[in-house]
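In: output the structure for:
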Amino acid sequence: MCMKKLFLSFFAFFLLISCSTLPQKTVDEKGSYVWKPEKFELNPQNAAFSAEGAVTMWIDVEQFKGKFEGDYQILSSDPEKWRMIITGPFNISVATVIINGETANIFHEGVWDSGPWSEISKQLFNASVDGDLFSVMLGGRFRFEGECAELGNGDKLCRKNGIYYKIFKDKVVEIASGDLYIVSEKKTRMPAGKGRRNKNRTENAVKNVQRWIGVSRGKPAFVFENKYLDASAELPESLFEMPKSDEPDIFDEL
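Out: Okay, here's the model as predicted:
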């Protein structure tokens, strides 16, 4: 089943026509910089984590042009292993994706399908989003080994594997990767309420919500709004394996 038809079946009933004011890109990949080798690590305490929040994904296919708005829960045991659960209005399950490196397994219409993550991510986010980008946007551990250049005023620009990261006071504030750029912004929210499955998340609520806005080829691609982060969650390896056809999904028992 082709990926276009696959995701049309997920989102056809949740699409709404939308216009959006796009953030401005400030990273200039072709600028003249003095590059120096650099190595650092951000959020080392969040090597494995469970994150929750709101997600918006713009769909740009022949039949539909609009956006999907829902919620996400994303779990990661390391930068190569991810489990993403997306729900729509009224907590309707929309998609479950298990990512192991370049391979992804996706649950839809009662069955699991497999495909390359680079292609699936383009259907979801209109751009290829790898583990490093997820880690940065969700607040997980991010290990960098590449080159950096000072920009002044506390800013610096770093590049690794063709991806540029603008950093201010040890925090990534902007990312540029080919036709995709991602800009972060903050807003204050009251840390109250409950998380997924009625678990109390107040102690892990993000007081200054980080919102990451992705723009691909000049059009809105996605928005992640972080609400909860739990680095103490126990994440068994079986969470990142596709269940066999004759066994229940371990996530249903958590």
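In: let me see the contact set for residue 92.
Out: Residue 92 makes no contacts at all, as judged by Cβ atoms under 8 Å, 6 or more residues apart in numbering. For the C-beta atoms, the positions are set from N, CA and C on the backbone; glycine is no exception.
In: for residue 68, see how far away it is.
Out: 12 Å (Cβ to Cβ, to the nearest Å).
In: do the same with residue 110
Out: Distance of residue 110 to residue 68, computed by Cβ to Cβ: 21 Å.
In: of the two, which one has the most company?
Out: The neighbour comparison of residue 110 against residue 68 (other Cβ atoms under 10 Å) goes to residue 68, with 25 against 5.
In: quick check, pLDDT for that one.
Out: On pLDDT, residue 68 comes in at 86.
In: so it makes contact with residue 87?
Out: No: using Cβ atoms under 8 Å, residue 68 is not in contact with residue 87; the gap is 10.9 Å.
In: list residues touching both of these two?
Out: Contacts common to residue 68 and residue 87, judged by Cβ under 8 Å, 6+ apart, are residue 94.
In: pull the longest strand from this protein.
Out: strand 65-78 (DSSP state E).
In: may I see the buried residues of it?
Out: Neighbour counts over strand 65-78 (16 or more other Cβ atoms under 10 Å) mark 67-68, 70-77 as buried.
In: and stretch 136-145, by the same measure?
Out: For stretch 136-145, by 16+ other Cβ under 10 Å, it's 136-142, 144.
In: same check on stretch 210-227?
Out: Applying 16+ other Cβ under 10 Å to stretch 210-227 flags 210-216, 220-227 as buried.
In: CA atoms only: put it into CSV for me.
Out: Output in CSV follows, covering the C-alpha atoms of stretch 210-227 (Å, rounded to 0.1, in the frame of the first residue of the first chain):
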residue,chain,number,x,y,z
GLN,A,210,8.4,25.2,23.8
ARG,A,211,6.8,25.3,20.4
TRP,A,212,8.7,24.2,17.3
ILE,A,213,7.4,25.4,14.0
GLY,A,214,8.7,23.6,10.8
VAL,A,215,8.6,25.2,7.4
SER,A,216,9.3,23.2,4.2
ARG,A,217,9.7,24.8,0.8
GLY,A,218,8.1,28.0,2.2
LYS,A,219,5.0,26.3,3.4
PRO,A,220,4.0,25.2,7.0
ALA,A,221,5.0,21.6,7.7
PHE,A,222,4.4,20.9,11.4
VAL,A,223,4.2,22.3,14.9
PHE,A,224,5.2,20.5,18.0
GLU,A,225,4.1,22.0,21.3
ASN,A,226,5.8,20.3,24.3
LYS,A,227,3.7,19.9,27.4
